[in-house]
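A.B. asks: give me a 3D structure for the following:
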Amino acid sequence: MGNEKSQSAQENRGTTGVGRRSLLGAAVLGAGAAALAAPGAASAADRSSSGSGANHSGKGIKGLPVPTVIGHRGASGYRPEHTLGSYQLALDMGAHVIEAGDICPTKDGHLVCRHEPEIGGTTDVSAHPEFASRKTTKIIDGVSTTGWFTEDFTLAELKTLRAKERIPGNRQHNTLYDGRWEIPTFEEVLAWRAEQSRKRGREVWIYPETKHPTYFRKLGLGLEERLAKILRAHGLHKKNSPVILQSFEPTSIQRLNKLVDNPLAVLLSTANSRPADFVDIGDPRTVADLITPKGLAEIAGYANGIGPTLDLIIPKDASGKLLAPTTLVKDAHTAGLILHPYTMRNENTFLPADFKKGTDPNAYGDAFGAFKAYYATGIDGIFSDNCDTALLAREDFVNG
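C.D. replies: Next up is the predicted model:
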C-alpha cells in the first residue's frame, strides 16, 4: 500500500516541463534519456521521454530530463552564490533547474535568498559601521553561530549590502565579482524567472529551500505560509508550476504539502544526523531511519523526492575513496521517489579521493570521472556548483 500511495502522490504532483538551453548547444542536451542504460537507471529514464530539456508541457516534474542538472545556488563555482548574477549564469550555461532561493526572512517579514541567515560570510556587512552593533551570537539548530543575521535587518537595510564570495580561499577568482550584486528577494527571483521564461519561450524551473524553518517559526517568522502566499500571488502554487520546494526538515515539507500543490523534496544529511525539527519535537529517528524502505514510503506520502547527500548514494572509506553504492536509489525508486543528491564541485578539496589530481586542493580534479560514477547509480539528477561540467558529463553518460 505504501508504494501505491507514494506513486499516486508523485503522479498527482507535477510541474510544467522545462525548455531547451541554448548556450551549450544541442550536443550537450540533445541525447535522449532512453539512452540511459546503467544499472538502476531504467525507472528514471522512464520518467523522461527525452533528455533534451524540451518543453514537456503537462508532464510536470516527470518531464524534466534525466539526469537533471541543477545549478547549486546558481553557478556558484563561478559567481558569488545566491545572486541574480549566479542564477543567470547557471541558466545561460544550460542548467535544467536553478536552485534560486535558500529562503530566509527579514525582520519585517520579507523573504530573501541567502544560504544561511548568518550573512557575515556572504555579504559586506562587516564593512558597514552602522551595523557593527548587530553582530551577535545565536544558537541555530543547536550550533552556536556568531555574525549578522537576516532576521535582525529590515529589507531596506539588507538592500544596502552587497554579496561576496563565501569561500574565497577555494575560489579566489570569484572575488572579482564581490560587491556587484545585491541580496535578492524571493519576489525578485520570481520576477527574474518570469522574464527569462518569456525571453526563452519556455518555463524556467527553480528549486527554493526553506532554511531552518523550526528556528524561524519560533521567532514568529514562519516560512511556509509566507512562501505559499507569494507563490499563490504569482500563480506558481500548482502541481504544474515549475517550482520544486525542498527542506531538510520533513515537517516543513509536510506543512507545505497542505499549503501548495508544488512538487516537494526532503533533503537528507549524513546517516547519523537528526533533522532539526525531529530534535525539537523529540522524534528519535535519524536520517538512517528515513532512508529505510519504511521511511521512504512515509516520505512518499507527502513528497515527490529526496535530496540526499552524495555519501548516502555512494559512501566513502576512511581514505575518502568511493565504496560500492548503497541500495538507496533502488529503494527510493521502489517507493516512487526521485533522487536529486547534492553537491558535486570540481575542486580537489570537494571530490572523492579517487578523483583528486595533483596536490593543490583548489585545482580541478577529475570531475568528469566523479560525475560518471554518480550518474551510473541511476540518480534522477544532481546539484552542482559547476553546471557546465555537469552537463558535459551528462552528455558523455547518456551517449555512453
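A.B. asks: flag the shaky bits of the stretch 101-250 of the chain, pLDDT-wise.
C.D. replies: Along the stretch 101-250 of the chain, no part satisfies pLDDT under 70.
A.B. asks: where exactly do the strands run in it?
C.D. replies: 102-105, 111-113, 136-140, 143-147, 205-206, 209-210, 245-247 (DSSP state E, counting those that start in this stretch).
A.B. asks: count of neighbours near the closest residue to Leu351 other than its chain neighbours?
C.D. replies: Nearest residue to Leu351, sequence neighbours excluded (Cβ to Cβ, 6 or more residues apart in numbering): Gly365, at 4.5 Å. (Glycine included, C-beta is placed from N, CA and C.) For Gly365, the count of nearby residues is 23 (other Cβ atoms under 10 Å).
A.B. asks: ditto for Arg73
C.D. replies: 29.
A.B. asks: and it, what is it in contact with?
C.D. replies: The contact partners of Arg73, by Cβ atoms under 8 Å, 6 or more residues apart in numbering, come to 81-82, 86, 99, 102, 115, 385.
A.B. asks: got the confidence number for it?
C.D. replies: With respect to pLDDT, Arg73 has a value of 98.
A.B. asks: that one and Gly220, how far apart?
C.D. replies: To Gly220, Arg73 is 27 Å away according to Cβ to Cβ, to the nearest Å.
A.B. asks: what about Ala156, how many neighbours?
C.D. replies: Ala156 sits with 10 neighbouring residues when counted by other Cβ under 10 Å.
A.B. asks: quick one on the thing from earlier: make TSV out of the strands of the stretch 101-250 of the chain and add mean neighbour count.
C.D. replies: Listed next are the strands of the stretch 101-250 of the chain as TSV, based on neighbours: other Cβ atoms under 10 Å:
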stretch	mean neighbour count
strand 102-105	25
strand 111-113	26
strand 136-140	12
strand 143-147	12
strand 205-206	27
strand 209-210	25
strand 245-247	27
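A.B. asks: dump the ones you listed into JSON lines; add distance to Met93 as well.
C.D. replies: Converted to JSON lines, the strands of the stretch 101-250 of the chain look like this (distance: least, Cβ to Cβ, whole Å):
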{"stretch": "strand 102-105", "distance to Met93": "20"}
{"stretch": "strand 111-113", "distance to Met93": "19"}
{"stretch": "strand 136-140", "distance to Met93": "32"}
{"stretch": "strand 143-147", "distance to Met93": "31"}
{"stretch": "strand 205-206", "distance to Met93": "14"}
{"stretch": "strand 209-210", "distance to Met93": "21"}
{"stretch": "strand 245-247", "distance to Met93": "21"}
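A.B. asks: right, so of those, which gets closest to Thr327?
C.D. replies: Closest of the strands of the stretch 101-250 of the chain to Thr327 is strand 245-247, at 22.7 Å (criterion: Cβ to Cβ).
A.B. asks: need the contact partners of the helix or strand that the closest one is followed by.
C.D. replies: Per DSSP states H and E, the first helix or strand lying C-terminal to strand 245-247 is helix 250-259. The contact list for helix 250-259 (Cβ under 8 Å, 6+ apart) reads 210, 213-214, 223-225, 227-228, 237, 245-247, 262, 264-266, 275, 277-278, 281, 290, 299, 302-303.
A.B. asks: may I see the buried residues of helix 250-259?
C.D. replies: 250-257, 259 (16 or more other Cβ atoms under 10 Å).
A.B. asks: closest to Ile140 out of the residues you listed?
C.D. replies: For those, the nearest to Ile140 is Ser252 (14.8 Å; Cβ to Cβ).
A.B. asks: would you map the helices across the stretch 301-400 of the chain?
C.D. replies: Taking DSSP state H, counting those that start in this stretch, the helices of the stretch 301-400 of the chain run over residues 310-313, 328-334, 367-375, 387-399.
A.B. asks: could I get those helices as TSV with mean pLDDT and mean neighbour count?
C.D. replies: Below are the helices of the stretch 301-400 of the chain laid out as TSV (pLDDT from 0 to 100; neighbours: other Cβ atoms under 10 Å):
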stretch	mean pLDDT	mean neighbour count
helix 310-313	98	20
helix 328-334	98	21
helix 367-375	98	21
helix 387-399	98	23
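A.B. asks: quick one: which of those is nearest Lys321?
C.D. replies: Closest of the helices of the stretch 301-400 of the chain to Lys321 is helix 367-375, at 10.8 Å (criterion: Cβ to Cβ).
A.B. asks: check what pLDDT the residue nearest the centre of the chain gets.
C.D. replies: Geometric centre of the chain, nearest residue: Glu99, 4.9 Å, by Cα atoms, centre = their mean. If you check Glu99, the pLDDT there is 98.
A.B. asks: okay, now the residue lying closest to it once chain neighbours are set aside: neighbour count?
C.D. replies: Spatial nearest neighbour of Glu99, chain neighbours left out: Tyr207 (4.6 Å); criterion: Cβ to Cβ, 6+ apart. Using other Cβ under 10 Å, Tyr207 has 24 other residues around it.
A.B. asks: quick one on the thing from earlier: residue contacts, the residue nearest to the centre of the chain?
C.D. replies: 70-74, 206-209, 383.
A.B. asks: Asp289 touches Gly295, doesn't it?
C.D. replies: Yes - using Cβ atoms under 8 Å, Asp289 is in contact with Gly295, at 5.3 Å.
A.B. asks: more neighbours: which of those two?
C.D. replies: Taking neighbours as other Cβ under 10 Å, Asp289 and Gly295 compare with Gly295 leading, 21 against 15.
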